[in-house]
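Visitor: Sequence plus predicted model, see below.
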Amino acid sequence: MRNDTRRRSLATYPWTIDLQTRFGDMDPNRHLNNVAMARLYEEARVRFNWGVRADHSLPRARFLVGHVAIDYLGEGSYPEPVTVGYGIASFGNTSFRAAMGMFQGGACIGLCDTVMVHRGDAGPAPLPADLRAVLEDWVLRP
């Protein structure tokens, strides 16, 4: 993901959210620390998922985070907010890969990929057709 220059442009992401940084997000060098950036990605991911479900009257699907990968590309600072872009990068049978980029002051400071696994009663289960159809509207832009 680090080498995909398209991912470093906010215009690639069909959904965005502005999130405020906190004083406690700083490391000793006065930059956003890695845990804070992971928290901001999580906040964006949760808000997207809840919003999609509410906007489309979808039943609450059970998802588990199967994998998270973060590339830190630049230094973020407090108290400036960040903008997180979100899009769907790919689909599997029981999962999808959410692709996010974090931007501050117009610069991409990080990328995050998260594999979200749909869970049934006995473990991973196929993505429901209605959910998949909605998520297909949020695929990364070319």
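Guide: Alright, I've got the coordinates.
Visitor: just the helices in this structure please.
Guide: Remark: helices assigned in the chain by DSSP state H are 34-55, 129-135.
Visitor: out of those helices, deepest packed?
Guide: helix 34-55 (a mean of 16; mean count of other Cβ atoms under 10 Å). Where C-beta positions appear, they are placed from N, C-alpha and C, glycine not excepted.
Visitor: And it, what does it pack against?
Guide: Secondary-structure packing of helix 34-55 (3 or more Cβ pairs under 8 Å, 6 or more residues apart in numbering; DSSP states H and E): strand 15-19, strand 63-72, strand 82-91, strand 95-104, strand 107-120.
Visitor: Could I get the buried residue list for the longest one?
Guide: In terms of neighbour count (16 or more other Cβ atoms under 10 Å), strand 107-120 has its buried residues at 108-119.
Visitor: before we move on, what about the fourth one?
Guide: Residues of strand 95-104 classed as buried under the neighbour-count rule (16+ other Cβ under 10 Å) are 95-104.
Visitor: got JSON lines for the residues you listed, with pLDDT and distance to Val65 too?
Guide: Shown next, in JSON lines, are the buried residues of strand 95-104 (pLDDT from 0 to 100; distance: Cβ to Cβ, whole Å):
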{"residue": "Ser95", "pLDDT": "96", "distance to Val65": "10"}
{"residue": "Phe96", "pLDDT": "96", "distance to Val65": "12"}
{"residue": "Arg97", "pLDDT": "97", "distance to Val65": "11"}
{"residue": "Ala98", "pLDDT": "97", "distance to Val65": "10"}
{"residue": "Ala99", "pLDDT": "97", "distance to Val65": "14"}
{"residue": "Met100", "pLDDT": "98", "distance to Val65": "13"}
{"residue": "Gly101", "pLDDT": "98", "distance to Val65": "18"}
{"residue": "Met102", "pLDDT": "98", "distance to Val65": "17"}
{"residue": "Phe103", "pLDDT": "98", "distance to Val65": "22"}
{"residue": "Gln104", "pLDDT": "97", "distance to Val65": "24"}
